[in-house]
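> give me coordinates for this.
(2 chains)
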Amino acid sequence: MTTQAPDQQVLTRTIGRVAKRALFWVVVVVFVVAIALVSLSTVGSNADGPPLDPDSASPGGSMAVAEVLRQQGVDVVVASTLVDARDAVNGFDDTTVLLYDPKGFLDDDQLRDATTLARTVIVVDAHFTQLQAIAPEVRQAGRADAELTADCDLPAAVRAGAVSGEAYGYRIVDGSAAAVTCFGSGDGVFSLIQVSRDGAALTLLGLTDALTNEHVIDSGNAAMALNLLGSKSTLVWYLPTLADVPDDGDANLGELTPAWVGPVLLLLVLTFVSAAVWRGRRFGPLVIENLPVTVRSSETMLGRARLYERSSSRLRALDALRVGTIQRLAALCGQPRTATVDEVISAAAAVTGAQSGAIRNLLIDAIPATDADLVSLSDALLVLEHNVAAAVHP
Amino acid sequence: MAISGRFVALLVAGVLPIILIGQPWALALWLLLVLVLAGVDLALAGSPRAVRLSRDLPGRVRLGETVSSTLLIANPGRRRVRGIVRDGWSPSAAAAPLRAAVDVPPGEQRTTTTTLTPFRRGERRAAHVTIRSFGPLGLAARQATIATPGAITVLPPFNSRKHLPSRLARLRELDGATSVMVRGQGTEFDSLRDYVRGDDVRSIDWRATARRAAPSGPGLVVRTWRPERDRRVVIIVDSGRTSAARIDNEPRIDTAFESALLLAALASSAGDRVDMVIYDRRVRARVQGASGAELLSRMVSSMAPVDPELIEMDWTAVPALVRSITSHHALVVLATTIDAPGASHGLLSVLPQLTRKHMVVVSSVTDPAVLDATLQRGDRELVYRAAAAERALLDQSRVAAAVRQLGAEVVTGAPQDLPPALADRYIALKAAGRL
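A predicted model of the protein is given here:
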């Protein structure tokens, strides 16, 4: 029998049709990814900028101060490395450098370099080790009061009058040093200390909150910030980053191994993937097989056996065995199918020569009290059948 | 499309040039080279979609036998189709080999041969053919699956035909036998022949002897008898839920088919007319009015696709079914299961209607595992199982007794014993003239 379809139907879809079917989902995935990227970028710029970042509009950023300064004609340059900061300095006298390094990326030498970039340098929130490097006569003195008044004749402080927000205080431990101190909170603690360094002015500012978007409009904060930072034509806003950390560690694995190791590893991964595709590509779809139902015939018998066992129906089980034995004995002894049990018992006793009472007890009277009894009685039934069979057919 | 092991080997061989060049761009260059080679290979591969397929397939095969299925692959395209082909037979067709290498030049045709050894009765199907066509480099392949339906009917094995010669010999012994003691019903006059020593003296035909009396000697003549011919045999096979049960890894219905085939072969050569119906709640198959070799052929064809359904047999319709087949006295064989009194209620309720007019034989498969279980009493669990087995045997014998009481005969046996037992019962009934 030769069969040939007049027009063959190819079940495998062409690449074009597969692409058409997948197009919708590709578009959906691209759309979702685009939405995710856009929302992530916007959320990131608004909320999670570093503190005092002049490009951040978040409460902790300083975009407000930076933008107002730009409107006032100050050239605000943001620097993230010492090299950038040095490049951005536009004349030693015409530049203000703001340095804020809360994570301590700079080491002592770099700090000293940074504080000598310009004539006016403002260091915000310097902590103990930084102070040791740049101004050893000044020490940190913990938190200052929330409301501070100027108490000095520094122009910026005088114009501000009073400032508010969380602030840190500093204390001068070396009394001989020449310094201007402002915003004191008593006990020799001040939040703004200006010390002289070879003709340059180094300002240590503890009033971090006064520069943030959130608190710049409180009391005299704005006046203090704008006057302090806007005194020169250029402001270098230097926030050190990881790029400033000197790279003096041991050579890593990438530098120790030859250049080809990485590409070879990548090639081996690609080989693995292509081997998986080679072995995993299905050679045509599965063929459907209609399987027949499988019913085991002895299921009802086994189910009944478990029922007997679970309910410990010893007598019922034994009676079933006895009926079978009696029927076989009747057949062996030549009794008719209608013979009574008594007739079978006497016939079996006559054949084997055993006591009919014992056979009667085994076939009718005995009641198994335990499973052990049941097993021994069933064994006795088998023995009786065997004996009768041996006596009839020697 | 698909890629080959060669593609993977070529890809991994890139390790050498990358190490020699020692630059990262060597990787990109190598990947580009491999991809270009694979692309060229793919473009040069013959199209598996354009291939024309046809099958050359025998229509029927007996279960357990092997046939070969030939697939013709014609390549009308302009490029050579070289690769492997898989013929999608269902697992029960036991096709071998599963994949074959093909190489069809443009404009030519090649064949691949698959041998099938089906292990299940019924219709075994092939759904499709998958071709993977490699390019000249053997790196990448185009693959297509083409719907190419094919089917082969797997007939019942009729293993019990090995019993047929001995039963036919016994049937011939009946033929022309003079030793039939009971004259009258069930035997037909056949012929007269000379008396030989050993013949029953009661079969001497004195009138014929007198007519033939010749001066040369007494020359006694005896009558010979032969079994009646042209009796009707109606086989009803139950394809309900009880027939789905497996005994000795063979469904009951398969044993019923074996019995029916042996009986039909025997009865048709004895000159009786055999009709068969497979029934549960509807007629699943019917063979009527066939004789000789055509009968067996039609029977196996009609049996092949029938599988038991998980529904209860509708016995009430059986008398009408038998009436529709024959209005005369017939031997009605019911191939079913007599297991438990509850389940056999339907059978017992309609038996009187059948036995009133017909000779009814109920043939049922018994489970040798049950008989074995009664003798295994090693521990507590086995004793309970033996008790349940005794109870099952008791139920069977009660149903058998009820069937006998209603005037029908009962034939039971293990799967391999039932077909010859039923044949023997048929011969016995025929010898007794009860057909």
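> find the nearest non-adjacent residue to residue A:173, please.
The spatially closest residue to residue A:173, leaving aside those adjacent along the chain, is residue A:139, at 5.2 Å (C-beta to C-beta, 6 or more residues apart in numbering or on different chains). From N, CA and C alone the C-beta is placed, and that goes for glycine too.
> no no, residue B:244
Going by C-beta to C-beta, 6+ apart, residue B:244 has residue B:308 as its nearest residue, at 3.9 Å.
> relative to residue B:248, how far out is that neighbour?
According to C-beta to C-beta, to the nearest Å, residue B:308 and residue B:248 sit 16 Å apart.
> skipping its backbone neighbours, what lies nearest residue A:306 in space?
Nearest residue to residue A:306, sequence neighbours excluded (C-beta to C-beta, 6+ apart): residue B:384, at 7.7 Å.
> so which helix or strand takes in the one you found?
Secondary-structure assignment from DSSP states H and E places residue B:384 in helix B:380-405.
> show me the helices in chain A, by range?
All helices of chain A, identified by DSSP state H, fall at A:15-47, A:63-71, A:82-88, A:108-115, A:128-134, A:155-160, A:221-229, A:253-256, A:261-280, A:299-310, A:314-332, A:341-352, A:356-360, A:371-392.
> next, the buried residues of the first one.
Within helix A:15-47, no residue qualifies as buried by neighbour count (16 or more other C-beta atoms under 10 Å in any protein chain shown).
> just checking, residue B:400 touches residue B:411?
No - the criterion here is C-beta atoms under 8 Å, and residue B:400 misses it with residue B:411 at 9.7 Å.
> what about whichever residue of the stretch 1-150 of chain B sits closest to chain A, is that helix, strand or coil?
Across the stretch 1-150 of chain B, no residue is closer to chain A than residue B:130, which sits at 2.9 Å (C-beta to the nearest C-beta). Classification of residue B:130 by DSSP: H, G, I helix; E, B strand; the rest coil places it in strand.
> for it, which non-adjacent residue is spatially closest?
residue A:284 (2.9 Å).
> got it, and residue B:94?
residue B:117 (4.5 Å).
> quick check on the one you found: phi, psi?
phi -130, psi 80 (degrees, to the nearest 10).
> show me where chain A dips below the pLDDT cut-off.
A:1-6, A:43-49, A:177, A:248-249 (pLDDT under 70).
> hang on, residue B:346 packs against residue B:319?
No - applying C-beta under 8 Å, one finds residue B:346 not in contact with residue B:319, separated by 11.9 Å.
> and the longest strand seen in chain B, what's buried?
For chain B, the strand with the greatest residue count under DSSP state E is strand B:140-155. Buried residues in strand B:140-155, counting neighbours by 16+ other C-beta under 10 Å, are found at B:140-146, B:148, B:150-155.
> who's in contact with the next helix or strand after it?
Once the chain leaves strand B:140-155, the next helix or strand it forms, by DSSP H and E, is helix B:164-174. Applying C-beta atoms under 8 Å, 6 or more residues apart in numbering or on different chains, the set of residues contacting helix B:164-174 from outside is B:226-227, B:262, B:265-266, B:269-270, B:420, B:423-424, B:427, B:430-431.
> which parts of the stretch 151-300 of chain B are strands?
Here the stretch 151-300 of chain B has its strands, by DSSP state E, counting those that start in this stretch, at B:187-194, B:221-227, B:232-238, B:245-247, B:250-251, B:273-279, B:283-287.
> quick one: which of those is nearest residue A:342?
strand B:245-247 (37.3 Å; C-beta to C-beta).
> who's in contact with the residue of the stretch 1-150 of chain B closest to chain A?
A:283, A:284, B:85, B:86, B:88, B:143, B:144, B:145, B:146.
> name whatever forms a beta bridge with residue 189.
Because you didn't say which chain, this covers chain A. For residue A:189, the beta-bridge partners are residue A:171 (DSSP bridges).
> nope, chain B please
Per DSSP bridges, the residues bridged to residue B:189 are residue B:225.
> pLDDT value on it, please?
Residue B:189 carries a pLDDT value of 71.
> any idea how many residues pack against the closest residue in space to residue B:279 that isn't next to it in sequence?
Once flanking residues are discounted, residue B:279 sits nearest to residue B:236: 6.1 Å by C-beta to C-beta, 6+ apart. Residue B:236 has 24 neighbours, counted by other C-beta atoms under 10 Å in any protein chain shown.
> could you dump the helix or strand of chain B with the lowest mean pLDDT to PDB, C-alpha only?
Sorting the helices and strands of chain B by mean pLDDT, DSSP states H and E puts strand B:187-194 at the bottom, at a mean of 74. Provided in PDB are the C-alpha atoms of strand B:187-194 (Å, rounded to 0.1, in the frame of the first residue of the first chain):
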ATOM      1  CA  THR B 187     -26.000 -37.800  14.000                       C
ATOM      2  CA  GLU B 188     -26.700 -38.100  10.400                       C
ATOM      3  CA  PHE B 189     -26.700 -41.100   8.200                       C
ATOM      4  CA  ASP B 190     -23.600 -41.100   6.200                       C
ATOM      5  CA  SER B 191     -23.100 -44.200   4.200                       C
ATOM      6  CA  LEU B 192     -23.100 -48.000   4.100                       C
ATOM      7  CA  ARG B 193     -19.900 -50.100   4.000                       C
ATOM      8  CA  ASP B 194     -18.700 -53.600   4.600                       C
END
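> list the contacts of that strand.
For strand B:187-194, the surrounding residues in contact (C-beta under 8 Å, 6+ apart) are B:175-176, B:180, B:205, B:208, B:219-229, B:433.
> quick one: name the residues of the stretch 151-300 of chain B near chain A.
Contacts of the stretch 151-300 of chain B with chain A, taken as C-beta under 8 Å from any C-beta of the partner chain, map to B:241, B:244, B:245, B:246, B:247, B:251, B:252.
> residues in contact with the last one?
Residues in contact with residue B:252, defined by C-beta under 8 Å, 6+ apart, are A:297, B:242, B:243, B:244, B:245, B:246, B:308, B:337, B:365.
> go on, the fifth one?
The contact partners of residue B:247, by C-beta under 8 Å, 6+ apart, come to A:297, B:255, B:365, B:366, B:367, B:368, B:369, B:414, B:415.
> ok so, going back, nearest to residue A:346 among the contacts of residue B:130?
Taking those together and measuring to residue A:346 by C-beta to C-beta, the closest member is residue B:88, at 71.9 Å.
> quickly run through the sheet partners of the helix or strand where that closest one lies, with directions.
Element membership for residue B:88, per DSSP H and E: strand B:81-89. If you go by DSSP bridges, strand B:81-89 pairs up with strand B:99-104 (antiparallel), strand B:122-134 (antiparallel).
> nearest to residue A:41, of those?
Here strand B:122-134 is closest among the strands paired with strand B:81-89 (C-beta to C-beta), at 46.8 Å.
> tell me the mean pLDDT for that closest one?
92.
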